[in-house]
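Asks: The following block contains a protein sequence and its predicted model.
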Amino acid sequence: MINEFPQALTIAGSDSGGGAGMQADIKTMQMRHVFATNVVIAITAQNTLGVQDAMPLPAKIIDAQFDSLAEDFKIKACKTGMLADSTRVECVVKNLKKYDFGPLVVDPVMVAKGGAQLLADEAIETIIKDLLPLATLITPNIPEAERLTGIRIQTEADMIEAAKAIQALGAKNVLIKGGHLEASQARDYTLLEDGSDFWMSGPRFETVRTHGTGDTISSAIVSELAKGANLKSAILTGKSYVTATIRDTIQVGHGHGPLNHWAV
Ligand SMILES: Nc1ncnc2c1ncn2[C@@H]1O[C@H](COP(=O)(O)OP(=O)(O)OP(=O)(O)O)[C@@H](O)[C@H]1O
Ligand SMILES: Cc1ncc(CO)c(N)n1
């Protein structure tokens, strides 16, 4: 049998600024030596200063992208990012049930760094009810974990409680990213399906160049899964990659600058 090159899929929104969303995913997958494919859910007019406009795509062309990929590629792992609204969430769920693209990482993107809403409020319920049960891993940041659970997260104990609550909603494995917590270290918490858990700590860099950190860690995890890594080692590799991309800053744009995806 031919041993095909590892292929992964990002189902997300496009960031014209190239630092977050689908572009961060593709850059990460490329740097992690995985062939990146994509299903575009929405187009955003965006830069490092904010999101200026956004337009979700019709379900028909989203379906067609899934069909095209399923016909030709051997996708070994996939992720979702910006899904816009419940119509698109349902469309993605339908396609993920129809086709096998391997383990699914759900990054429940809700709000961009500048405050722009990337997911309609009404879609949160649809994500919980229909998408969460399909996910191998869900990777909320602190505000997203708060929205999913209703728990106010101010401490690491709160992160643990929220992860348990998200698991109770039907998620198998939960990674809560601690980037938004005020602390000297950037600490993330993972609760696995078997009840075991672990913390990951990295230095917290004093920088505004953090556009796309969440997309980058989740697509680095997907890349490792596509190469056949187990979930825990994929998460550990994802954390060390995102830390390096924040550490080795590049000067691009005038606001929340993008990461350095060339970092190792
Ligand atoms: N200033 C920082 N220094 C080091 N690590 C950071 C920093 N900010 C975030 N991280 C790390 O980056 C990863 C992503 O976390 P974060 O909470 O920022 O995700 P996010 O809010 O979903 O990102 P985004 O919305 O920009 O895609 C985590 O591993 C987190 O610990
Ligand atoms: C399209 C898109 N997806 C995700 C994020 C969150 O980083 C963003 N800013 N833009």
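Replies: Looks like it came in fine. Ligands and ions are numbered 1, 2, ... in the order given.

Asks: touching ligand 1 at all, stretch 77-96?
Replies: No - Stretch 77-96 lies out of reach of ligand 1 by Cβ under 6 Å from any ligand atom, never closer than 8.4 Å. C-beta here means a position set from N, CA and C on the backbone, and glycine is covered the same way.

Asks: And ligand 1, is stretch 226-246 touching that?
Replies: Yes - for stretch 226-246, a contact with ligand 1 is found by Cβ under 6 Å from any ligand atom, at Lys239, Val242, Thr243, Ile246.

Asks: which of the residues you listed count as buried?
Replies: Lys239, Val242, Thr243, Ile246 (16 or more other Cβ atoms under 10 Å).

Asks: Does the first one fall in a helix, a strand, or a coil region?
Replies: In this case it means Lys239. Following DSSP: H, G, I helix; E, B strand; the rest coil, the label given to Lys239 is helix.

Asks: can you pull the contacts of it?
Replies: Asp188, Met200, Gly202, Ile217 (Cβ atoms under 8 Å, 6 or more residues apart in numbering).

Asks: likewise Lys74?
Replies: Lys74 touches Glu4, Gln7, counting by Cβ under 8 Å, 6+ apart.

Asks: Now secondary structure too, for the contacts of Lys239, in TSV please.
Replies: Shown next, in TSV, are the contacts of Lys239 (three-state DSSP):
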residue	secondary structure
Asp188	strand
Met200	strand
Gly202	strand
Ile217	helix
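
Asks: most surrounded residue in those residues?
Replies: Ile217 (30 neighbours; other Cβ atoms under 10 Å).

Asks: how near is the closest residue to that residue other than its chain neighbours to Gly202?
Replies: Distances taken as Cβ to Cβ, 6 or more residues apart in numbering place Val242 nearest to Ile217, at 4.2 Å, with adjacent residues excluded. Note on Val242: its distance to Gly202, by Cβ to Cβ, to the nearest Å, is 8 Å.

Asks: Name the residues of the stretch 1-150 of the chain found near ligand 2, please.
Replies: So the stretch 1-150 of the chain meets ligand 2 at Ala12, Gly13, Asp15, Ala20, Gly21, Thr44, Gln46, Gly81, Met82, Val109, Ala112, Leu118 (Cβ under 6 Å from any ligand atom).

Asks: which is the next helix or strand following the one helix or strand the second one maps to?
Replies: Assessed by DSSP states H and E, Gly13 sits inside strand 7-15. Along the chain past strand 7-15, the next helix or strand (assigned with DSSP H and E) turns out to be helix 21-31.

Asks: buried residues in stretch 74-87?
Replies: 75-87.

Asks: Ignore what I typed, I meant stretch 24-44.
Replies: Buried residues in stretch 24-44 (16+ other Cβ under 10 Å): 24-29, 31-32, 34-44.

Asks: do the lengthiest strand in the chain and ligand 1 meet at all?
Replies: The longest strand of the chain (DSSP state E) is strand 35-47. No - shown here: strand 35-47 not in contact with ligand 1 (Cβ under 6 Å from any ligand atom), separated by at least 11.8 Å.
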